[in-house]
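# everything below, folded, please.
(4 chains)
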There are 2 protein chains.
Amino acid sequence: MHVLLVDDDTALSEMLTEYLAAEGIRTTAAFNGPDGAAQALSGQFDVVILDVMLPGMDGNEVLRHIRRSSEIPVIMLTAKGGDVDRVVGLEMGADDYIAKPYFPRELVARLRAVTRRQRDVAPAAALKVAQLELSPGKREVSWAGKVFELTTSEFDMLESLMRAGEMVSSKEELSLKVLGRPREIYDRSVDVHVSNLRKKLAAASGGEVEIETIRGVGYRLRLHA
Amino acid sequence: MHVLLVDDDTALSEMLTEYLAAEGIRTTAAFNGPDGAAQALSGQFDVVILDVMLPGMDGNEVLRHIRRSSEIPVIMLTAKGGDVDRVVGLEMGADDYIAKPYFPRELVARLRAVTRRQRDVAPAAALKVAQLELSPGKREVSWAGKVFELTTSEFDMLESLMRAGEMVSSKEELSLKVLGRPREIYDRSVDVHVSNLRKKLAAASGGEVEIETIRGVGYRLRLHA
DNA sequence: AGCAAACTGTAAAGAATACGAAAATCCTGC
DNA sequence: GCAGGATTTTCGTATTCTTTACAGTTTGCT
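Residues are numbered from 1 along each chain as shown, chains lettered A, B, ... in the order given. This next block holds a predicted model:
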């Protein structure tokens, strides 16, 4: 097992690396967000341990970046015991979180749990709903084989909705996953992106896919005009 | 097995040589970067152990140099427990790293692991996309058989993009692989190299290959003007 | 039914950000 | 110390994101 540790605390990283080595776990460290994100996507790691507090790029940002093109398991390290951070992280696709300070053996247990879970999961592939195809790696969407353009946010939003399948995605969830921040009151960004995405989807699919509004709750992707 | 050890610490080198000899492993030492790089490319070694901290030429530099024309397995020795060096090194093509101080038997285990792994790997071949051909070994690019010139960075960048195929390469990724360092905020180097590479590609291929920008994400190679 | 409050859709304006290109500066090897 | 390449800076532009505003809907309540 090869673990990527993204944390700016070098002393702690060293300690942890040693501990994990004793457990037969190989660890590589990254000390800032961008670096960590890039490494996480390199394909050489089995799991990522990610500190929420990072200099430069916030941990949730990093997670968002990773999730754009990878399903690699991520465990979040959160400093404050009962913070929103953990919720944010889990919503955005972290597989687990652990609050600092923690027992290393606890972390090892979770590492094992998360990677065991992972083995039963199919590799990240292109998403397909009816004739709508979305490839996270290629960053390309197409209807009936015909590629069409979306902005970054629209792409991420469509990906989120497609992954959700028939489940309704709340606006809060979408804000976290797509925009990487909790939704504030009177925040209409999600609505606007949905509105714009709808136009493009309608144009591309001739109305065969649409985004359904569940009033007071959120949105969901639907077939048939 | 014949190992090349590139490390300026002569005392340590001697010790290690003895230990490895006891394990039936033959060792040759080089005490500086340029010498080490040259030796590594001589073709008589099965694996290279490379210290990141070297007088004169930095270990990552040496690695980069080696990787330009060889796939020989390289294990990096990193002094500082949790340095970015190791990250950069792995991204640039090191096969493993080990932190000093280390147990010789640990090193032996990794040597064996790395060389075992190596046997299953196919030799690096020339890359070809449409009429665009790139030979990592020869360090030569051509369009429709006609060779054209690129700077080191441009060559490495094109190679990275070609290997990525249809997948989008993020700027972070490209910075690590091409420039050998993590990308910093407001760092426009990757953009600039892409810009220059575009000009040369357009001139050589008459606009048939181009580098597509995926806004907010990165770049990808594309065919057809 | 009538009404108020809450929610949604979307256009348009404003703010923020990313990109490309050009030029200046820094390096490095010869 | 020269020359070419690499990196940094700067700046203008285009795109994208957010906010604001307002009209239309739905819901809940009396």
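# what about A:Arg181, how many residues close to it?
15 (other Cβ atoms under 10 Å in any protein chain shown). Where you see a C-beta, it was placed from the backbone N, CA and C, and this is true even at glycine.
# what's the answer for A:Lys146, then?
Residues contacting A:Lys146 under the criterion other Cβ under 10 Å number 10.
# ok, it - contacts?
When contacts are counted by Cβ atoms under 8 Å, 6 or more residues apart in numbering or on different chains, A:Lys146 touches A:Ala204.
# now the helices for chain A?
Under the criterion DSSP state H, helices of chain A are mapped to A:10-22, A:33-40, A:59-69, A:84-91, A:104-119, A:152-164, A:171-174, A:189-205.
# looking at the ones you listed, which is buried most?
helix A:33-40 (a mean of 26; mean count of other Cβ atoms under 10 Å in any protein chain shown).
# that one - contacts with which helices or strands?
strand A:2-6, strand A:26-30, strand A:47-51, helix A:59-69, helix B:84-91, helix B:171-174 (3 or more Cβ pairs under 8 Å, 6 or more residues apart in numbering or on different chains; DSSP states H and E).
# if we use 10 Å, what do you get?
strand A:2-6, strand A:26-30, strand A:47-51, helix A:59-69, helix B:84-91, strand B:169-170, helix B:171-174 (3 or more Cβ pairs under 10 Å, 6 or more residues apart in numbering or on different chains; DSSP states H and E).
# need the residue closest to the centroid of chain A.
A:Arg67 (3.4 Å; Cα atoms, centre = their mean).
# can you pull the pLDDT of it?
Note on A:Arg67: pLDDT of 75.
# least reliable of the helices and strands packed on helix A:33-40 going by mean pLDDT?
Taking the mean pLDDT of those, helix B:84-91 comes last: a mean of 52.
# what parts of chain A come near DNA strand D?
Listed as neighbours of DNA strand D in chain A under the rule Cβ under 7 Å from any atom of the strand: A:149, A:151-154, A:179, A:181, A:184, A:186-189, A:192-193, A:215.
# closest to A:Ala202 among the residues you listed?
A:Ala202 has its nearest neighbour among the residues of chain A next to DNA strand D in A:Glu154, at 12.9 Å by Cβ to Cβ.
# separation between the closest one and A:Val217?
Distance, A:Glu154 to A:Val217, by Cβ to Cβ, to the nearest Å: 21 Å.
# swap in A:Ile185?
Using Cβ to Cβ, we find A:Ile185 at a distance of 17 Å from A:Val217.
# try A:Ala144
From A:Ala144 over to A:Val217 the distance is 30 Å, taken as Cβ to Cβ.
# and if you look at A:Ala202?
A:Ala202 sits 22 Å away from A:Val217, taking Cβ to Cβ as the criterion.
# then A:Leu107?
Relative to A:Val217, and taking Cβ to Cβ, A:Leu107 is found at 36 Å.
# now swap in A:Asp58 and tell me
Note on A:Asp58: its distance to A:Val217, by Cβ to Cβ, is 28 Å.
# how about A:Arg64?
Applying Cβ to Cβ to A:Arg64 and A:Val217 gives a distance of 23 Å.
# now swap in A:Ala126 and tell me
In this view, A:Ala126 and A:Val217 are 28 Å apart by Cβ to Cβ.
# picking up where we left off before, turn the helices and strands packed on helix A:33-40 into a markdown table, columns for distance to A:Arg139.
Listed next are the helices and strands packed on helix A:33-40 as a markdown table, based on distance: least, Cβ to Cβ, whole Å:
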| stretch | distance to A:Arg139 |
| --- | --- |
| strand A:2-6 | 23 |
| strand A:26-30 | 23 |
| strand A:47-51 | 21 |
| helix A:59-69 | 8 |
| helix B:84-91 | 21 |
| strand B:169-170 | 10 |
| helix B:171-174 | 13 |
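# from the chain's centroid, how far away is stretch A:46-60?
Offset of stretch A:46-60 from its chain centre (Cα atoms, centre = their mean, to the nearest Å): 12 Å.
# how about it: buried residues?
Residues of stretch A:46-60 classed as buried under the neighbour-count rule (16 or more other Cβ atoms under 10 Å in any protein chain shown) are A:Asp46, A:Val47, A:Val48, A:Ile49, A:Leu50, A:Asp51, A:Val52, A:Leu54, A:Met57, A:Asp58, A:Gly59, A:Asn60.
# what stretches of chain A score poorly on pLDDT?
A:11, A:22, A:55-57, A:68-69, A:78-106, A:109, A:113-125, A:225 (pLDDT under 70).
# same thing but 50
Residue ranges of chain A with pLDDT under 50: A:80-87, A:89, A:119-124.
# ok, A:Ile185 and A:Val217, which is more surrounded?
Neighbour count, other Cβ under 10 Å: between A:Ile185 and A:Val217, A:Val217 has more, with 11 against 4.
# need phi/psi at the nearest residue to the more buried one once chain neighbours are set aside.
Of all residues not flanking A:Val217 in the chain, A:Val168 sits nearest, at 5.5 Å (Cβ to Cβ, 6 or more residues apart in numbering or on different chains). Note on A:Val168: its backbone torsions stand at phi -80, psi 130 [degrees, to the nearest 10].
# I'd like to know how many residues surround A:Val168.
With other Cβ under 10 Å as criterion, A:Val168 counts 15.
# test my guess that it contacts A:Ser160.
No. A:Val168 lies out of contact with A:Ser160 (Cβ atoms under 10 Å); the separation is 11.7 Å.
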